[in-house]
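1. 3D model of this:
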Amino acid sequence: MYSIENRAEIISIRQFVALEAIRIPEYQRPYKWTAKNVLQLVDDIHTFRKKSHYRFGTIVIHINTIKENDGDRTCYDIVDGQQRYITLRLLIYTLQKLVQNNPKYQSHTKELVAETYENVKKIPITFKHKLTIENISANFRILQRAIQHYDDETITQFITNFQVVAFYIHDETEAFQFFDSQNSRGKDLYPHDLLKAYHLREFDAKERAIQTEIIDQWERYATHKLHELFSEYLFRIKGWSNSQSSRYFKKEHIDSFKGISIDKIEEYPYVKGLQIAHHLVDNYNANVERKIDKQKMDFPFQIDQLMINGRRFFEYISYYLGINERFKATYLKPTETLTHEGSRTELLVNYIYHNKFSYRDGESYLKDLFECVTIFYIDKFGNKEIDSFIEKAFVWTYYLRFEFQRLGFDSIDKYVLNNNLFLVIKNAIHPKEVVKSDYLTLPTLQKIMDFEKEESRRMDQKIVKFFKDNNYYAN
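-> Here you go, the predicted model:
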């Protein structure tokens, strides 16, 4: 076996697959390499076969000491790089099948492949996730077809001179921090992928058994839905409610979704409320009476709350996923069902989503702003005074269209920080403090008659009429 002495080493593929006791922890995401990824690897191996070395990538390994009855056992848990590791194993299996009885290859190539193959076989890995199993099967078939042109030189070069950079880290927290720092500088992961890795390592030790279930649920979420939730809603609401510019959610902003770990934080007074809620909800749901009444208590999440790391983060995301769809399902009605005698609230929401210029980017930014501020209000006060609030939010939002002929998201961000309705909501104790607030006063609109022209290219006339009819401008 190749000995591990240093924290970081550059080792060949031959040495890497000979590492014993290597494991893929259950919390890791499913294997998702596509045909494109696999074929790119096959092509790279052939393209760089004459180079003295080729770096295949970085593998971060947590040296995990497990206490057992007969003594300690050391395992090498892959924290980052499991996609590459599984693909390497597949490639070794494929090479063995290609060369073992094929007269095309020289004996030294067959011996090298056989030795490498036996080292891989010594480390059986069981895969449970359906997507992982399907992708392994599909990629194995792709590899069998794709490497038929490999000659002795290509195979030998791949096994002996292709390399990985292996980082061996004893402390699990440090291993995940290293993973965070590596990927924060890269371009391949969304910010929410880094948050997933961070919160997985922050699980309470007693909760590790449910990590696999949590990961399975997370992987069922569409990536674009997670990206939308974080970038268009949660990040902006949390930022604006703290008077912070919140234009684009990037990897350097993920700290806003990190908080305290209940089992690690010191007994500060501010932690008490969260600890009480955390344990009370768990105790209620674990009570034997729940098996009879079938009731379940959800954690009392608020969008702008201090985050509880670990399991509660994933519950938080599950709780808020689809918040905009639920909002629209409640208030956005089919256009053909609306009349001027109908609900004022429904008409205003319809103006936001379906006006003459709703196809433009500026209108899309206004829609996003309206959704964020209304969702934030409902998250805090529910539907109390909702009709009055939606009118206030509509006027607050569409004031921008009167002010700007061309509306970019930078203008939205600046406007919020200077006329911060999010801050009013955050500081309010009762809904009336928001809907009747006079300390959030918009500048008086002048010359609204300029927009009362059918040929106006800036404003839908229904919106202009609403502002005029309800005296939201100066005579």
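
2. ok, K272 - how many residues close by?
-> Counted with other Cβ atoms under 10 Å, the neighbours of K272 add up to 10. C-betas here are computed from N, CA, C, even on glycine.

3. okay, and it sits in which element?
-> Assessed by DSSP states H and E, K272 sits inside helix 272-286.

4. after the helix or strand bottoming out on mean pLDDT in the chain comes which helix or strand?
-> The least trusted helix or strand in the chain, going by mean pLDDT, DSSP states H and E, turns out to be helix 172-184, with a mean of 58. Once the chain leaves helix 172-184, the next helix or strand it forms, by DSSP H and E, is helix 191-201.

5. C-alpha coordinates for that next one, PDB please?
-> C-alpha atoms of helix 191-201 as PDB (Å, rounded to 0.1, in the frame of the first residue of the first chain):
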ATOM      1  CA  PRO A 191     -23.400  29.000  -4.100                       C
ATOM      2  CA  HIS A 192     -26.100  26.700  -2.800                       C
ATOM      3  CA  ASP A 193     -23.900  23.700  -3.500                       C
ATOM      4  CA  LEU A 194     -21.300  25.200  -1.100                       C
ATOM      5  CA  LEU A 195     -24.000  25.800   1.500                       C
ATOM      6  CA  LYS A 196     -25.100  22.200   1.200                       C
ATOM      7  CA  ALA A 197     -21.600  20.900   1.900                       C
ATOM      8  CA  TYR A 198     -21.200  23.300   4.900                       C
ATOM      9  CA  HIS A 199     -24.500  22.400   6.500                       C
ATOM     10  CA  LEU A 200     -24.000  18.700   6.100                       C
ATOM     11  CA  ARG A 201     -20.800  18.900   8.200                       C
END
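
6. what ranges do the strands span in the chain?
-> For the chain, the strands defined by DSSP state E cover 8-12, 22-23, 54-68, 71-80, 162-169.

7. show me what stretch 242-256 is in contact with.
-> Here stretch 242-256 makes contact (Cβ atoms under 8 Å, 6 or more residues apart in numbering) with 183-184, 189, 191, 194-195, 198, 230-231, 235-236, 238-240, 304, 409-410, 413, 416-417, 420, 423.

8. any of these buried? List them.
-> Buried members of the contacts of stretch 242-256, scored by 16 or more other Cβ atoms under 10 Å, are 183, 189, 191, 194-195, 198, 230-231, 235-236, 238-240, 304, 409, 413, 416-417, 420, 423.

9. inside helices: which ones of those?
-> Counted as lying in helices by DSSP state H, out of the buried ones among the contacts of stretch 242-256, are 183, 191, 194-195, 198, 235-236, 238-240, 409, 413, 416-417, 423.

10. quick check, nearest of these to L348?
-> V416 (19.4 Å; Cβ to Cβ).

11. who's in contact with the closest residue to that closest one other than its chain neighbours?
-> The shortest distance from V416 to any non-neighbouring residue, by Cβ to Cβ, 6 or more residues apart in numbering, is to W240 (5.1 Å). Going by Cβ under 8 Å, 6+ apart, W240 touches S246, C372, V416, L417, N420, F422, L423.
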